[in-house]
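# model the following, please.
(one chain, ligands or ions: 2)
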Amino acid sequence: MVLKRIFRGVIMGPPGSGKGTVSGRITQTFGLKHLSSGDILRANINAKTGKRCATNLHIKELGLLMKSCIDQGQLVPDDIISRLVLAKLRDMDHSSWLLDGFPRTVAQAENLDSMCTLDTVINLDVPFETIKERLTSRWVHLPSGRVYNTDFNPPKIPGLDDVTGEPLSQRDDDTPVTVTRRLKAYENQTQPVLEYYRSKGVLTTFTGTETNKIWPHVHAFLGKKIPHPQQVSGQV
Ligand SMILES: Nc1nc2c(ncn2[C@@H]2O[C@H](COP(=O)(O)OP(=O)(O)O)[C@@H](O)[C@H]2O)c(=O)[nH]1
Ligand SMILES: Nc1ncnc2c1ncn2[C@@H]1O[C@H](COP(=O)(O)OP(=O)(O)O)[C@@H](O)[C@H]1O
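Ligands and ions are numbered 1, 2, ... in the order given. Sure, this is the predicted structure:
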């Protein structure tokens, strides 16, 4: 029997740097599970249940709090996002995974450290000017998190998801004003996380303006870290 090796990775980068796009390619190529903190938050906001959650706030109230942070281009409080993400990771204890969008603060990175040891942190270093144009032409399929772009990777049928045929939408926070705020939050709160991981020796940075040029380097890098996709446990 082949002993499966568990792989733990994080992908970082400013909003719009291509984390979701590259994550899709990584998970398809290497068979890892993908967990996006933004997708988790949006799913929670859409959950219209009346249950009470761990923070003792009504889920609807919590949803409104998270939505207001996101719409203002601010980060959701560390304790809320950490509870949500770490709970999901606990359910994936026996799987290899790639975490996208978390951690975004040093406090979150410390919370993540308390539950696992990371194999690698991939940092997508894409200039802010490049990003601004991309986000205003981003279209998403909310239930799956699939991402499109009117220029870069348009859907086969305009306005519809390739897999389900369901309508695509634009995110409320992908407006020029909110994108500027998100980039500021990235500079102030998330860039220190890069230093945190650099000092631990797990950070690798990929610089560029086009995902198709960055991807072969990420692919080659992970190919060395994860020698054979079948040896990685991506399924529960
Ligand atoms: N023009 C262009 N758009 C891209 C490129 N890579 C990704 N995108 C698009 O840019 C937007 C942001 O990418 P996404 O993967 O969602 O970034 P994230 O916010 O870091 O997860 C999406 O609409 C992507 O389809 C690229 O190389 N060129
Ligand atoms: N780890 C996190 N900590 C705090 N807020 C988060 C985190 N992840 C996502 N968010 C919130 O969700 C928003 C959208 O995140 P995400 O979908 O990852 O988009 P992007 O990378 O394109 O900014 C963020 O601007 C922030 O408000």
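
# for the most centrally placed residue in the chain, give its distance to ligand 2.
The residue lying closest to the centre of the chain (C-alpha atoms, centre = their mean) is Asp100, at 2.5 Å. Using C-beta to the nearest ligand atom, to the nearest Å, Asp100 is found at 7 Å from ligand 2. For every residue, glycine as well, the C-beta is placed using N, CA and C.

# now do the contacts for that residue.
For Asp100, the contact set (C-beta atoms under 8 Å, 6 or more residues apart in numbering) comprises Val10, Ile11, Lys19, Gly20, Ser23, His34, Leu35, Ser36, Ser37, Gly38.

# from what I can see the fifth one touches His34, true?
Right, Ser23. Yes. With contact defined as C-beta atoms under 8 Å, Ser23 and His34 form a contacting pair (5.0 Å).

# hey, what's the residue nearest to the centre of the chain bridged with?
Ile11, Ser36 (DSSP bridges).

# who in this protein is up against ligand 1?
Neighbours of ligand 1 within the chain, by C-beta under 6 Å from any ligand atom: 13, 15-21, 134, 138, 147-149, 151-153, 210-212.

# make it 5 Å
Within the chain, the positions adjacent to ligand 1 are 15-21, 134, 138, 147, 149, 151-153, 210-211 by C-beta under 5 Å from any ligand atom.

# least trustworthy helix or strand in the chain by mean pLDDT?
Ranked by mean pLDDT, DSSP states H and E, the helix or strand of the chain with the weakest confidence is helix 59-71, at a mean of 87.

# which residues are contacting stretch 116-127?
7-14, 16-19, 22, 89, 112, 194, 197, 202-209, 214, 218, 221-222, 225.

# so what's the gap between that stretch and the chain middle?
From the chain centre to the centre of stretch 116-127 is a distance of 11 Å (C-alpha atoms, centre = their mean, to the nearest Å).

# could I get the average pLDDT for that stretch?
Per-residue pLDDT values over stretch 116-127 give a mean of 97.

# now swap in stretch 92-111 and tell me
Mean predicted lDDT for stretch 92-111 stands at 96.

# cool, stretch 215-229 as well?
87.

# start the count at 38 instead of 1 going forward.
Yes, from this point I'll number from 38; that puts the last item at stretch 252-266.

# for that stretch, buried residues please.
Trp252, Val255, Leu259, Ile263 (16 or more other C-beta atoms under 10 Å).

# chain neighbours aside, what residue packs nearest to the residue in the chain positioned nearest to ligand 2?
Nearest residue of the chain to ligand 2 (C-beta to the nearest ligand atom) works out as Gly75 at 1.8 Å. Closest residue in space to Gly75, ignoring its immediate chain neighbours: Gly138 at 5.0 Å, by C-beta to C-beta, 6 or more residues apart in numbering.

# phi, psi of the one you found?
phi 100, psi 0 (degrees, to the nearest 10).

# surely it is in contact with Ser54?
No. Using C-beta under 8 Å, Gly138 is not in contact with Ser54, being 10.8 Å away.

# any idea where the helices of this protein begin and end?
Taking DSSP state H to define them, one finds helices in the chain at 56-67, 74-83, 96-108, 115-128, 143-150, 165-173, 213-222, 228-237, 248-262.

# list the contacts of the first one.
In this case it means helix 56-67. With C-beta under 8 Å, 6+ apart, helix 56-67 has contacts from 44, 46, 48-50, 69-71, 73, 133, 135, 137-138, 159, 161, 182-184, 190, 248, 251-252, 255-256, 259, 263, 266, 269, 271.
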